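# Dropping a prediction and its sequence here:
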Amino acid sequence: MKPVRARWNGAILVCGKCSKKVKGGFGRGGRKPLAKALRKHCRIAKGHEGHVGIVETKCLDICPKGAVVALNSAQTGLWHIVQPGADLDEVAHTLNLDCPK
């Protein structure tokens with residue numbers, strides 16, 4: 001195996017199945033999935049270029065009605081249920097995600 005250097009300081013995991021079920025609901029106009037809206041709101045580059053990874057996963061098996069599950073990989077014991085239209089500043093703060101003001 002060949003090791004690869006990670007540039008991320010952490011990762012935010014967002015349930016992809018929940019995101020598809022709520023059909024967006026985040027960001028300006030409420031049309032973007034949570035992962036994409038957080039990336040844009042916090043000005044985080046996609047992929048290995050960013051300082052933090054925001055990764056859309058497969059189902060996390062929580063399955064809230066009309067909401068999306070998200071968690072910070074540094075705090076695996078605390079998962080968050082995010083309602084569509086939630087304030088992205090508050091979501092970023094809750095997930096301990098540094099966003100420039």
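That came through fine. Numbering: from 1, shown residues only.
# With adjacent residues omitted, what lies nearest to Lys36?
The spatially closest residue to Lys36, leaving aside those adjacent along the chain, is Gly27, at 7.2 Å (C-beta to C-beta, 6 or more residues apart in numbering). C-beta coordinates here come from the backbone N, C-alpha and C atoms, glycine included.
# Tell me, how many residues neighbour that neighbour?
Using other C-beta atoms under 10 Å, Gly27 has 18 neighbouring residues.
# and it, backbone torsions?
Gly27 has phi and psi values of phi 80, psi -180 when expressed as degrees, to the nearest 10.
# can you check the one 4 residues further on too?
Dihedral angles of Arg31 (phi, psi; degrees, to the nearest 10) stand at phi -110, psi -10.
# contacting residues around it?
For Arg31, the contact set (C-beta atoms under 8 Å, 6 or more residues apart in numbering) comprises Gly24, Gly25.
# try it again with 7 Å
Taking C-beta atoms under 7 Å, 6 or more residues apart in numbering as the criterion, Arg31 is in contact with Gly24.
# now swap in Leu38 and tell me
The neighbours of Leu38, taking C-beta under 7 Å, 6+ apart as the test, are Ile12, Ile54, Leu88, Val91, Ala92, Leu97.
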